[in-house]
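Asker: sequence first, then the predicted structure:
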Amino acid sequence: MWPQRTEALHQLYYDPNIENKNLAQKWLMQAQVSPQAWHFSWLLLHMDKVPEIQYFGASALHIKISRYWNDIPADQYESLKSQLFTHITRFASGSKIVLTRLCVALASLALSMMPEAWPCAVADMVRMFQAEDSNVDGRARCLALLELLTVLPEEFQTSRLPQYRKGQVRSVLAQECGSVFPLLEQLLQQQDSPGFIKQKVLKCFSSWVQLEIPLMDCENLIQAAFTSLQDPELFDTAVEAVVNAISQPDAQRYVNTLLKLIPPVLGLQEQLRQAVQSGDMETSHGICRIAVALGENHSRALLDQVEHWQSFLALVNMIMFCTGIPGHYPVNETTSSLTLTFWYTLQDDILSFEPDKQAVYQQVYRPVYFQLVDVLLHKAQFPSDEEYGFWSSDEKEQFRIYRVDISDTLMYVYEMLGAELLSSLYDKLGRLLTNTEQPSTWQHTEALLYGFQSIAETIDVNYSDVVPGLIGLIPRISISNVQLADTVMFTIGSLSEWLADHPVMINNVLPLVLQALGNPELSISSVSTLKKICRECKYDLPPYAANIVAVSQEVLMKQIHKTSQCMWLMQALGFLLSALQVEEILKNLHSLITPYIQQLEKLADETPNPSNRLAIIHILGLLSNLFTTLDISHHDDDHESTEVKNLPVQQGPNPVVVVLQQVFQLIQKVLSKWLNDAQVVESVCAIFEKSVKTLLDDFAPMVPQLCEMLGQMYSTIPQVSAIELTRQLVHIFSYEPAHFPPIKALFLLVTSVTLTLFQQGPRDHPDIVDSFMQLLAQALKRKPDLFLCSNLDVKAVFQCGVLSLKFPEALTVKASCGFFTELLPRCGEIAPVGQVVHENGKALLQAVLEGIGGQASRSLMDHFAEILFALNKHCFSLLSVWIKEAMQQDGFPSARVTPEQKENFSQQILRERVNKRRVKEMVKEFTLLCRGLHGTEYTADY
């Protein structure tokens, strides 16, 4: 075994063959947890071994101590402790990685022994390493001790100690800091302590403060860390130590200590300014982290100290300086983004005070927040075109996300500043656009508009008195830049609801939007803005409809927009046409879609190939998106009822139905050639599915021919999209006598074809099985009479459902459970269902218990519980026999459960016929027993 381990380690570290490495790693991991690891670990630590082998030995020791502590006899604790001390001393001048692993092993040992078996562990460690030992250099001993003291709290944070032990050990360690902190202070204060020792001291302190040590006990070391910030070599480590110390949740209890920390933080301002001037991003970033940590974590506690309001305000102003740090994020600075959360926290704390106190703080901090708005809008400004051109795509994306964060902050700040904020932005924009003597940069204008848009997108500005002025100003903006044009578009879009209430202003901005539609660089902003206007203002757009349709048609024909924007544009036109007279709709539809119909006719005659496939999918997508929003019955209207009453009364057939009937044969022709292509079939089904959802009852004239077409499609090649559309038709039309015959015929055909698929082997089609189960559930819910049809093989359907419960795909199993929870309540009212359940219900119960026993994902247990509950409620006498027979099978549903546990579960289920939640709890409990997971830490949150 010994040569095998050495050989495996050599393979792991030096063999270039990845398969050999993986095998070696697997074998070594097993070796680490074997009983022999206690013996070979020490042999691998011999000084004649290479560091990689020594490291493996030290790691094996740590694993044995941390995970298999109960295997160690109590009389061997001292021997193990002594050996670890000896080896740490030996490696103090040796390999650093091996020393660290040995320290982690000793730390784990100490955590397991304290406080009973090793009451003063930390003090003993300090004493052991401070003892004179002529064989080991004093500095090396000091570093080894610091390494051990650093990893001890870290090992505690990741240890697997039980919860009650964790609390006990934490309090012991917190007391033991009295043995550690004086040593750390001494080492930091010694003039001759080298930089690397001081760095190690700061890391050690940083590790200990995370044990929730009282902040006042850390005062001296925090002050020493502040002093270390002046040393470039110690700066980063000192920042980490200070931030960790003041970020502890418990720190807010020590208000006096927090107040003492404000002056040294403010004292860093000169160092911060120098760093900013010299472009030292690391230093400015570190100092900002300290200021934000104090302000963000303790703003409430510091605000409460009313007599110290000026010092806290000074800290707030220091953080404001960090927010407005010069330069463009993320190229010239990365600091300002750290501060944004602080402004949320401070505002929340101010607004949480009682009204009188809040009024006082509002008086102090409203001017600060107005200043913040100016700073944020300055930071949101784009750089010059030339500079921006040199930015990488990654930097541009980071800047975009940064602007979104600024936008969110501005929206939040509105809660404190209210309408005055909008007035302020409007006044600044007005001065900027009307000042002829000092022409402004486009960046300044864009930032102010961006601020306005940030607020208008989420806050109701319908009652704002500055929006009319803003709408009047927008046409005066000289748009010479894509970014500015984008923001103008998005700002108009954010005001679409306001325009719906003030339709007289639409003409001020609509020409700008239509002009922007022709610019491919403004594709997303112009199309989304037009869509918003058409959705919100459709009842006021008829005077502009011809122009909007003409411009849209032109840009669609020129193909200047990407596919998704073309789809949005069609949705916009659907909203627009919905508010017109029927004859106007038909006229516009004719001019709008005739070119596409002609193109589709041409494509339908061509031999299928990849390029005409994409063109067909594109045209079908345009039609389905148009029909998604073209709703002349106003099913989705949330406008005032008075407005709807003034709309034209529909005469004759729905325009969408007229168009669909005209193109129906063409669509069938396309399908005949592309029936093998799932995406083309899906696109065809999408046209009808979206039309059905929008039109509802108005779609009725199309039902017979659509059912016939779907039947032909599904008979030739079964596809999910056809089942989904069938389900939609069953949901909306199956209860109407006039439509029942075609719906019934389609349902029976889809069922028959799918049952044949099951006979051939359904495992390759989990998506079809999933959709089919949902269709069956929908039929039972909307029209249970479908299950009375003599042509329907209810037994075969039932057996397919049982088979589907055993699929590995969770969604398919979930859909099958949904089918049975709809089916079982119908046992009494539908004779064929009652008969099938009586004859085959035991197979269903068997499949459900197999899933609970461990064959199915634990996430599905609630769905299996629903079936058990339905069986118990509707087939009680049968279930009581079946469950008894099933549970008598040896090792069923799992070899891990005893006969008593099975009997107990059966009785619990049979007793509970009212409370479904209780049944779900029983099933969860039983499945854990079946899987051998009951009571384990792994399932604590289950």
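Answerer: All right, it came through fine.

Asker: CA only for contacts and neighbour counts going forward, please
Answerer: OK.

Asker: count the neighbours of the nearest residue to residue 189 once chain neighbours are set aside for me.
Answerer: Spatial nearest neighbour of residue 189, excluding adjacent residues (C-alpha to C-alpha, 6 or more residues apart in numbering): residue 224 at 8.0 Å. For residue 224, the count of nearby residues is 18 (other C-alpha atoms under 10 Å).

Asker: quick check: buried residues in the helix or strand harbouring residue 208?
Answerer: Using DSSP states H and E, residue 208 maps to helix 195-208. In terms of neighbour count (16 or more other C-alpha atoms under 10 Å), helix 195-208 has its buried residues at 197, 198, 199, 200, 201, 202, 203, 204, 205, 206, 207, 208.

Asker: may I see those residues organised as a markdown table, with pLDDT and distance to residue 801 added?
Answerer: Formatted as a markdown table, the buried residues of helix 195-208 follow (pLDDT from 0 to 100; distance: C-alpha to C-alpha, whole Å):
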| residue | pLDDT | distance to residue 801 |
| --- | --- | --- |
| 197 | 92 | 70 |
| 198 | 94 | 70 |
| 199 | 94 | 66 |
| 200 | 95 | 65 |
| 201 | 95 | 66 |
| 202 | 96 | 65 |
| 203 | 96 | 61 |
| 204 | 95 | 62 |
| 205 | 96 | 63 |
| 206 | 95 | 59 |
| 207 | 94 | 57 |
| 208 | 94 | 59 |
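
Asker: low-confidence bits of the stretch 801-942 of the chain, can you list those?
Answerer: Across the stretch 801-942 of the chain, the ranges flagged by pLDDT under 70 are 934-942.

Asker: that older thread, tell me which residues are up against the next helix or strand after the helix holding residue 208.
Answerer: Following helix 195-208 in sequence order, the next helix or strand is helix 219-228 (DSSP H and E). Contact with helix 219-228 is made by 181, 184-185, 188-189, 202, 205, 234-235, 238-239, 241-242, 245, 257, 264, as judged by C-alpha atoms under 8 Å, 6 or more residues apart in numbering.

Asker: same check, this time on stretch 399-417
Answerer: Counting by C-alpha under 8 Å, 6+ apart, 329-330, 337, 340, 343-344, 347, 351, 366, 369-370, 373, 376, 380, 421, 450-451, 454-455, 458-459 sit against stretch 399-417.

Asker: over to residue 116: give its phi and psi.
Answerer: Here is the backbone geometry of residue 116 (degrees, to the nearest 10): phi -70, psi -60.

Asker: does the most centrally placed residue in the chain lie in a helix or a strand, and which?
Answerer: Geometric centre of the chain, nearest residue: residue 401, 16.0 Å, by C-alpha atoms, centre = their mean. Assigned by DSSP H and E, residue 401 falls within helix 393-417.

Asker: buried set for that helix?
Answerer: So helix 393-417, judged by 16+ other C-alpha under 10 Å, has buried residues 396, 399, 402-403, 405-414, 416-417.

Asker: same check, this time on stretch 360-380
Answerer: 361-362, 365, 369-370, 372-380.

Asker: can I get the CA coordinates of that stretch in PDB?
Answerer: As requested, the backbone C-alpha atoms of stretch 360-380 are provided in PDB (Å, rounded to 0.1, in the frame of the first residue of the first chain):
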ATOM      1  CA  VAL A 360     -35.100  67.700  11.600                       C
ATOM      2  CA  TYR A 361     -32.900  65.200   9.700                       C
ATOM      3  CA  GLN A 362     -34.700  66.000   6.400                       C
ATOM      4  CA  GLN A 363     -33.700  69.700   7.000                       C
ATOM      5  CA  VAL A 364     -30.000  68.600   7.200                       C
ATOM      6  CA  TYR A 365     -29.900  65.900   4.600                       C
ATOM      7  CA  ARG A 366     -32.300  67.100   1.800                       C
ATOM      8  CA  PRO A 367     -29.600  69.500   0.500                       C
ATOM      9  CA  VAL A 368     -27.100  66.600   0.700                       C
ATOM     10  CA  TYR A 369     -29.400  64.400  -1.500                       C
ATOM     11  CA  PHE A 370     -29.900  67.200  -4.000                       C
ATOM     12  CA  GLN A 371     -26.100  67.400  -4.200                       C
ATOM     13  CA  LEU A 372     -26.000  63.600  -4.600                       C
ATOM     14  CA  VAL A 373     -28.400  63.900  -7.600                       C
ATOM     15  CA  ASP A 374     -26.000  66.400  -9.300                       C
ATOM     16  CA  VAL A 375     -23.000  64.200  -8.500                       C
ATOM     17  CA  LEU A 376     -24.700  61.000  -9.900                       C
ATOM     18  CA  LEU A 377     -25.800  62.700 -13.100                       C
ATOM     19  CA  HIS A 378     -22.300  64.000 -13.600                       C
ATOM     20  CA  LYS A 379     -21.000  60.400 -13.100                       C
ATOM     21  CA  ALA A 380     -23.600  59.100 -15.500                       C
END
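
Asker: circling back to that earlier point, what's the farthest-apart pair in the buried residues of stretch 360-380?
Answerer: For the buried residues of stretch 360-380, the maximum inter-member distance is 27.6 Å, found between 361 and 380 (C-alpha to C-alpha).

Asker: which ones are touching the nearest residue to residue 675 once chain neighbours are set aside?
Answerer: Nearest residue to residue 675 in three dimensions, chain neighbours excluded: residue 681, at 6.4 Å (C-alpha to C-alpha, 6+ apart). Listed by C-alpha under 8 Å, 6+ apart, the contact set of residue 681 reads 671, 674, 675, 721, 722.
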